[in-house]
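Novice: Quick one, fold the following:
(one chain, ligands or ions: 1)
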Amino acid sequence: MTPWKVLPSGPLLGELSVNGDKSVSHRSLLIGALCDGPVDVEGWGDSADTRATLEAVRSLGVRVEDHGHGRLTVHGVGIAGLKPPVGAIDVRNAGTLMRLLTGICAMQPSGVFTLDGDESIRSRPMERVAKPLRTMGAEVETTDGRPPVTITGGVPLYGMEHAMEVSSAQVKSAILLAGLRADGPTTVIEETSTRDHTERMLRAAGATVQTVGKRVVLQPTEHLRLDRIEVPGDMSSAAFLIVAATLIPESRIFLRGIGMGAGRTGLLDVLERMGSRIGVFNRRTTEAGEPVADLEVAHADLTASSIRGHEVASLVDELPILALAACTARGRTRVREAEELKFKESNRLESVYEALRGIGGRIELEDDGWFIRGVPARLRGGTVNARGDHRIAMLGAIAGLYSEEGVTITDPEAIDVSFPGFRPLIEAVTAERRR
Ligand code: S3P
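Specialist: You can find the predicted model right below:
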């Protein structure tokens, strides 16, 4: 592991591009695999996580052509056509793959499927998925509630009504995907709405999925068909650049085709309350039903704004970078009811606290969030150990750009999990400043 030192930067200027959305990229392969015939994917976000999904669907007997530059053709084998591989499927670090594939395997007509992953995956809760699937009749075994997970296909599934215990798009998606071959409708009731990429893609593929208030109802189906999936730019990657441009004086950046789906834009709402200057233009919807827009972000002085529980799901992956914005905003921020951060690639309540505290942020760790005393100035800088978590490594890098002394990230390779182009992009921006 070679550490990466990110130096203080001048303004970020011009058009910057981000990778394809990770959530939609996973789903393009997983739902594409269940379609009848070929599905062309454009703008696919190539990363360690999505590569794990590419390899997983290939190991299940699905041919995927990789044409390069984010273009894939997924030769779907139909809803019930997956073949269990010999040995375990390695999901590596990808929680979305682990959860969604569990639901998909549960509705296959035969075979035994084992899903396993890296050390971080092996510490993540799986009963939240296994339990509701068992209620549908599925045979799912966890290892003390965690991966490895073994799923036995060929078991009849019953449509059911499930009230979610935690706010999780991955759990909702696993249940809905299993429901594709249930004997009747499957209903998921969400107290707080989460990202709805699965519902949108299934609808575009011809399934009947209705969302009315807190209820998502899916009718079983025999066939899915989808010609083309255009993957939007990833809001969760853009978030790092949005906060960087907001913090660094004289910055002005453009980001094109960013996904604006429900459950993904909470960061923009909170930054708006804090006084950001973000323009949203050219709103449109892709063929596979995803809302996208272009964004223009200019520097602004921020004022603190607390984050309440019902907002957490809409910015769950953006809370680490938002905590940096809060450290440099005028006033105090309280983030509450964010316990779900404990179950991400690292315990993010702790890893964000340690990262920001270590570089001069005035942040305190609470049971369900943080209390932050913002100081409107650059942070001192120092060292960030990302604990192998991509979003903590990128948080460290953006903090370095807006620091006095720079920030050294001890394990920058973690970034490849979601945004391999991040480091070259940041290095290009920094180099520009030095000229
Ligand atoms: C995701 C859902 C969220 C999010 C993760 C991606 C998805 O997880 O944190 O990065 O693609 O459905 P949870 O469902 O566990 O909240």
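Novice: hey, where'd the helices end up in the stretch 101-250 of the chain?
Specialist: Secondary structure of the stretch 101-250 of the chain (DSSP state H, counting those that start in this stretch): helices at 127-135, 169-179, 197-204, 235-247.
Novice: what about the nearest residue to T430 once chain neighbours are set aside, how many neighbours?
Specialist: Nearest residue to T430 in three dimensions, chain neighbours excluded: S9, at 5.2 Å (Cβ to Cβ, 6 or more residues apart in numbering). Heads up, the C-betas are built off the backbone N, CA and C, glycines and all. Using other Cβ atoms under 10 Å, S9 has 23 neighbouring residues.
Novice: Can you tell me which of the helices of the stretch 101-250 of the chain is nearest to L54?
Specialist: Minimum separation from L54 across these (Cβ to Cβ) falls at helix 197-204, 16.7 Å.
Novice: pretty sure G81 contacts H75?
Specialist: No. Between G81 and H75 there is no contact under Cβ atoms under 8 Å: 10.4 Å.
Novice: returning to that earlier point: relative to the ligand, which of the helices of the stretch 101-250 of the chain is closest?
Specialist: Nearest of those to the ligand, taken as Cβ to the nearest ligand atom: helix 169-179 at 3.5 Å.
Novice: Need the CA coordinates for the closest one. PDB is fine.
Specialist: Written as PDB, here are the backbone C-alpha positions of helix 169-179 (Å, rounded to 0.1, in the frame of the first residue of the first chain):
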ATOM      1  CA  ALA A 169     -32.900  -0.400  -0.800                       C
ATOM      2  CA  GLN A 170     -30.800  -3.600  -0.900                       C
ATOM      3  CA  VAL A 171     -33.300  -5.500   1.300                       C
ATOM      4  CA  LYS A 172     -36.300  -4.100  -0.600                       C
ATOM      5  CA  SER A 173     -34.700  -5.100  -3.900                       C
ATOM      6  CA  ALA A 174     -33.900  -8.600  -2.800                       C
ATOM      7  CA  ILE A 175     -37.500  -9.200  -1.800                       C
ATOM      8  CA  LEU A 176     -38.900  -7.700  -5.000                       C
ATOM      9  CA  LEU A 177     -36.500  -9.800  -7.200                       C
ATOM     10  CA  ALA A 178     -37.500 -13.000  -5.300                       C
ATOM     11  CA  GLY A 179     -41.100 -11.900  -5.800                       C
END
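Novice: and it, is it in reach of the ligand?
Specialist: Yes. Counting by Cβ under 6 Å from any ligand atom, the ligand is contacted by helix 169-179 at 169-170, 173.
Novice: Please identify, among these, the one with the most neighbours.
Specialist: Counting by other Cβ under 10 Å, top hit in those: S173 with 30 neighbours.
Novice: tell me, how many neighbours does the closest residue to that residue other than its chain neighbours end up with?
Specialist: Excluding its sequence neighbours, the residue lying closest to S173 (Cβ to Cβ, 6+ apart) is T198, at 4.0 Å. Neighbourhood size, T198 [other Cβ under 10 Å]: 29.
Novice: Just the pLDDT for T198.
Specialist: In this model, T198 is scored at 98, pLDDT.
Novice: And the one 4 residues further on, by the same measure?
Specialist: According to the per-residue confidence, L202 scores 98 in pLDDT.
Novice: Please shift the residue numbers so they start at 156 in all later answers.
Specialist: From this message on, residue numbering opens at 156, which makes the last subject L357.
Novice: tell me the contacts of it?
Specialist: 186, 331, 335, 364, 373, 379 (Cβ atoms under 8 Å, 6 or more residues apart in numbering).
Novice: Now neighbour count too, for the residues you listed, in a markdown table please.
Specialist: Formatted as a markdown table, these follow (neighbours: other Cβ atoms under 10 Å):
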| residue | neighbour count |
| --- | --- |
| I186 | 30 |
| L331 | 24 |
| L335 | 23 |
| V364 | 21 |
| L373 | 26 |
| L379 | 23 |
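Novice: Before I go, just wanted to say thanks for your time.
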